[in-house]
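Student: no sequence on this one, just coordinates:
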């Protein structure tokens, strides 16, 4: 192979350019090393309770009710032991507190707790504790009584660090069928199994911490990772089916399986949006749009869509808390013609339009039979 030699002048020029490039590289500041990835963090729940996790047990599904609680006042005995529940007929938790506490889940106890909410037209169920079978019973009975009383605006104000996955799925399906908004207020948490509840809500307003980790399988006979994986796969498939039918991203179920159960991965606001766990429920929104076009007109639906786009951009990322997010939304509504004169009860954030209490409200009668309600 013949070597080709540069003329002296060209060689000198090339050497000069090379030296300049090396000098520039020496003077350039080194690129900063990438910071460590944020570690999975754990946050205690607002009531300082233990982390209840996302637990799955090998237990048969509960038997179907022999008593139809929608058609009778003789509800089977039940007591709430896994947490504390209160009922308020006001959305201003900061100034008015959380309302009446109760633990007996009998018909007349739930009736007495909810009776003031009939005239207000709004109910806020505050729950702090573990997700378990008695929590599912609580949600079922409050939802049933809301239908009887015609209370269309329902809020689950949750603070839970987790519990049993199967009970969370059952409670979430009840919530999905009942026009519920879910709040995770500042200082509250929704961790582990609680995250599944968010998929059931029509609207989700989140200011507290939402975190996930791997399911903990107890009462298992598995002696190898393969056997344990097979058991978890069944629960995992049930979770994905639940998330899919409620319009949430099934990827959150896969994500949960990657986080050790001794750790907790807090979801970012962007991840909550990506997984469909905050703001308007996409599946419910599609269903509601069909009904609202018939009931309130196409112009209403177009204005509602425009409002929620602005609301998500301007209000949902406010750091001060749920009350500030709600105040931002209420201030934004008039720009889009809400509350609507014809369809005030269907207008965005209608659950926040609480009428002033009457001076001397009469105790309203409650029909013991079922009534169909629509949002």
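Tutor: Cool, got the structure. Model, not experiment: these values are computed from the prediction.
Student: what's the domain layout of the chain?
Tutor: 53-61+71-280, 287-352 (automatic domain parsing).
Student: Identify, out of those domains, the most deeply packed stretch.
Tutor: Across those, averaging neighbours per residue (mean count of other CB atoms under 10 Å) puts domain 53-61+71-280 on top, at a mean of 20. Where you see a C-beta, it was placed from the backbone N, CA and C, and this is true even at glycine.
Student: Now find how far off-centre it is within its chain.
Tutor: 8 Å (CA atoms, centre = their mean, to the nearest Å).
Student: re the thing from before, could the domains of the chain be laid out in CSV, adding mean pLDDT?
Tutor: Putting those into CSV (pLDDT from 0 to 100) gives the following:
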stretch, mean pLDDT
domain 53-61+71-280, 93
domain 287-352, 93
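Student: Would you map the helices across the stretch 151-300 of the chain?
Tutor: 165-176, 194-200, 225-245, 251-256, 269-274, 282-296, 298-314 (DSSP state H, counting those that start in this stretch).
Student: Run the angle between the first one and helix 225-245 for me.
Tutor: Using axes from the mean of the first three to the mean of the last three CA atoms, to 10 degrees, one finds that helix 165-176 and helix 225-245 are set 0 degrees apart in direction.
Student: quick one: contacts of helix 165-176?
Tutor: 54-57, 59, 61-62, 131-133, 135-136, 139-140, 143, 156, 182, 193-194, 196-197, 199-201, 215, 235, 238-239, 242, 246, 284 (CB atoms under 8 Å, 6 or more residues apart in numbering).
Student: ok, now with 6 Å
Tutor: Residues from elsewhere that reach helix 165-176 (CB atoms under 6 Å, 6 or more residues apart in numbering): 54, 56, 131-133, 136, 139-140, 143, 193, 196-197, 199-200, 242, 246.
Student: Most widely separated two among those residues?
Tutor: 56 and 143 (24.5 Å; CB to CB).
Student: How much space separates residue 151 from residue 255?
Tutor: To residue 255, residue 151 is 35 Å away according to CB to CB, to the nearest Å.
Student: next one: residue 81
Tutor: Residue 81 sits 31 Å away from residue 255, going by CB to CB.
Student: How about residue 67?
Tutor: 40 Å.
Student: do the same with residue 211
Tutor: Applying CB to CB to residue 211 and residue 255 gives a distance of 11 Å.
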